[in-house]
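Asker: Below: sequence and its predicted model.
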Amino acid sequence: MNRVILSTVLISCVAVMACTKKQPPSNPEVPVSLLKLKTRNVLYYDKYPSTTAALSQVSLLPQIQGAITNIFFTEGTYVKKGQKLYEIDERIYRDNYDAAVANQRVAEGNLAQAQQDADRYEYLNTYNAVAKQLYDHAIITLQNSKSAVKSAEETVKTAKTNLNYAIVTAPFDGTIGFSQVKLGDVVTAGSTVLNTISTNDPIAVDFIINEKQLSHFEKLQSGKPVTDSLFTILLPDNTLYPYTGKISVIDRAVDSQTGAIRIRLVFPNPKNNLRVGMSCVVRVHNEETTPQMVLPNKAVVEQMGEYFVFVAKDSVINNPKAQTDTGRIKHKMLAFQKKVQVGQTIGPNVIIKSGVNPGDRIVTDGVQLLHDGSQITTANKVGPSAGGKGGRG
């Protein structure tokens with residue numbers, strides 16, 4: 001029984017001591033690391049999502065109706081301009097052509113006869129040896145025969161064109177895709193898509209910029225770039241494409257809804273490494289020659305799409321409760337939050353466009369435990385870790 005009472009007393013004493021233990025100060029100094037902001041020359045790339053596109057691309061549509069009777073190419077291969085690709089059943093169109101040619105010959109025969117009659121009646125009319133009416137009829141018949149021959153010639157041309165359309169050829173050099181029709185399929189003129197052909201070399205790369213950047217790219221298009229590798233691209237596997245490009249077209253208008261405008265680059269593609277529709281990243285080499293302010297990414301805090309840093313400033317704190325003047329006035333270092341505009345990320349660092357000035361002391365470690373006006377100290381050279389919270393990655 002005595003042991004139980006003794007244990008109870010000891011536990012009570014420990015509890016009282018814990019409650020009376022001195023609490024830490026309400027506003028302790030946060031240990032941080034500081035970096036004096038400087039400017040330096042940097043090399044970086046502005047990056048833009050982009051898509052490859054063919055400079056020329058066409059969907060093959062038949063000009064006549066009929067069944068596919070032959071396919072002359074291998075899908076996915078390179079074809080030359082004028083190469084035969086498809087054959088449409090030509091029997092009806094050949095018959096029409098033969099009939100048109102026969103009709104033309106008949107019209108030419110009628111013209112020859114009308115010409116002879118007109119010549120004869122013209123001779124007789126000179127000597128008033130034929131009725132005027134017969135002469136006039138002969139001249140009219142001759143004119144009608146000439147018109148009939150012209151009509152027959154046009155009919156032959158149309159029949160010949162339709163017959164030629166029975167063979168579908170490549171309109172230019174390029175790569176042909178999967179056939180959309182098979183042997184025996186009946187195609188309709190102007191509506192059935194047979195296949196698609198696109199050019200390979202060179203190839204276009206399209207990307208979107210904000211209208212605020214338009215004047216910069218217009219200068220890049222009109223002037224000679226300072227760097228040879230001004231425009232490069234990263235392929236989908238993140239490898240660098242070995243050829244550089246140049247601006248080909250800046251779109252005619254800005255999208256009024258988004259304020260964006262499309263830029264087209266042209267790249268050589270001799271090995272057909274780039275395919276139409278690929279997603280890649282355009283890199284525009286930085287030509288900025290003025291020094292830039294650069295900070296570590298971890299020094300920048302993102303809050304709802306805006307970016308901030310903490311700037312260290314020396315301040316005087318007045319403590320009216322202190323007994324002496326020396327104790328009443330203390331020199332402390334405080335951290336103040338500053339909104340900044342960030343630029344391009346360069347590895348572990350980021351360019352700061354505005355919001356701070358060279359010479360400012362920026363908190364680089366310990367930012368996660370700070371708020372505007374926090375007391376800080378550099379006594380602990382490395383600020384506390386926050387387990388991955390807050391900093392800009």
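Answerer: Received it, and whenever you're ready, just let me know what you need. Nothing here was measured: the structure is a model prediction, and the numbers come from that model.

Asker: Tell me the span between the first and last residue of stretch 81-93.
Answerer: End-to-end span of stretch 81-93 (C-alpha to C-alpha, to the nearest Å): 24 Å.

Asker: and that stretch, which residues are buried?
Answerer: 85-90, 93 (16 or more other C-beta atoms under 10 Å). For every residue, glycine as well, the C-beta is placed using N, CA and C.

Asker: got the contact list for it?
Answerer: With C-beta atoms under 8 Å, 6 or more residues apart in numbering as the test, stretch 81-93 has contacts from 60, 62, 64-73, 79, 159, 162-163, 165-173, 176, 181, 187, 194-195.

Asker: Next, give phi and psi for the residue nearest to N349 when sequence neighbours are not counted.
Answerer: Nearest residue to N349, sequence neighbours excluded (C-beta to C-beta, 6 or more residues apart in numbering): V294, at 5.0 Å. Phi and psi for V294, reported as degrees, to the nearest 10, are phi -130, psi 130.

Asker: for D251, same thing?
Answerer: Here is the backbone geometry of D251 (degrees, to the nearest 10): phi -50, psi 160.

Asker: since we're on it, how many residues are nearby?
Answerer: Look at D251: counted by other C-beta atoms under 10 Å, it has 15 neighbours.

Asker: Please identify the buried residues of the host helix or strand of D314?
Answerer: Taking DSSP states H and E as the criterion, D314 maps to strand 306-318. By neighbour count on 16+ other C-beta under 10 Å, the buried set for strand 306-318 is 307-312.

Asker: Could you list the paired strands of it along with their orientation?
Answerer: strand 301-303 (antiparallel), strand 329-346 (antiparallel), strand 361-365 (antiparallel) (DSSP bridges).

Asker: about what we covered before: nearest to Q344 among the buried residues of stretch 81-93?
Answerer: Ranked by distance to Q344 (C-beta to C-beta), the buried residues of stretch 81-93 are led by L85 at 47.7 Å.

Asker: Show me the strands in the stretch 51-200 of the chain, by range?
Answerer: For the stretch 51-200 of the chain, applying DSSP state E, counting those that start in this stretch gives strands covering 57-60, 66-71, 78-79, 84-88, 167-169, 174-176, 186-187, 195-198.

Asker: returning to that earlier point: pLDDT of the strand holding D314, averaged?
Answerer: Per-region confidence: strand 306-318 scores 84 on mean pLDDT.

Asker: picking that back up, contact partners for the residue nearest to N349?
Answerer: 39-40, 42, 346, 349-352.

Asker: got those as a markdown table, with secondary structure columns?
Answerer: Shown next, in a markdown table, are the contacts of V294 (DSSP: H, G, I helix; E, B strand; the rest coil):
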| residue | secondary structure |
| --- | --- |
| T39 | strand |
| R40 | strand |
| V42 | coil |
| I346 | strand |
| N349 | strand |
| V350 | strand |
| I351 | strand |
| I352 | strand |
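
Asker: just the buried members of those residues?
Answerer: 42, 346, 349-352.

Asker: now, among the buried residues of strand 306-318, which is nearest to T377?
Answerer: T377 lies nearest to A312 out of those, by C-beta to C-beta, at 10.0 Å.

Asker: The closest one and L274: what is the separation?
Answerer: As judged by C-beta to C-beta, to the nearest Å, A312 and L274 stand 50 Å apart.

Asker: what does A131 give?
Answerer: Distance of A131 to L274, computed by C-beta to C-beta: 81 Å.

Asker: more crowded one of those two?
Answerer: The neighbour count for A131 versus L274, taken as other C-beta under 10 Å, is higher for L274 (23 against 12).

Asker: Quick check, pLDDT for that one.
Answerer: Note on L274: pLDDT of 91.

Asker: same thing with V186?
Answerer: So V186 comes in at 93 (pLDDT).

Asker: Can you name the residues that contact it?
Answerer: Applying C-beta under 8 Å, 6+ apart, we find V186 in contact with 65-68.

Asker: Filter those residues down to the buried ones, PyMOL style.
Answerer: In PyMOL, this line selects whichever of those come out buried by 16+ other C-beta under 10 Å:
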select buried, resi 65+66+68
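
Asker: ok, so of the contacts of V186, who is nearest V282?
Answerer: Nearest to V282 among the contacts of V186: I68, at 41.2 Å, using C-beta to C-beta.

Asker: give me the number of residues near the closest residue to K132 other than its chain neighbours?
Answerer: Spatial nearest neighbour of K132, excluding adjacent residues (C-beta to C-beta, 6+ apart): N125 at 7.3 Å. By other C-beta under 10 Å, the residues close to N125 number 17.

Asker: Isn't N125 up against Q133?
Answerer: No. The pair N125 / Q133 is not scored as a contact, 10.8 Å apart, by C-beta atoms under 8 Å.

Asker: next helix or strand past the worst-scoring helix or strand of the chain on mean pLDDT?
Answerer: Using mean pLDDT, DSSP states H and E, the weakest-scoring helix or strand in the chain turns out to be helix 2-19, at a mean of 51. Moving toward the C-terminus from helix 2-19, the next helix or strand (DSSP H and E) is strand 30-31.

Asker: circling back: now the residue nearest to K132: how far from Q113?
Answerer: N125 sits 18 Å away from Q113, going by C-beta to C-beta.

Asker: repeat for A312
Answerer: Using C-beta to C-beta, we find A312 at a distance of 111 Å from Q113.

Asker: picking up where we left off before, from the buried ones among the contacts of V294, which is closest to I261?
Answerer: Nearest to I261 among the buried ones among the contacts of V294 is I351, at 23.9 Å by C-beta to C-beta.

Asker: That concludes my questions; thank you for your assistance.
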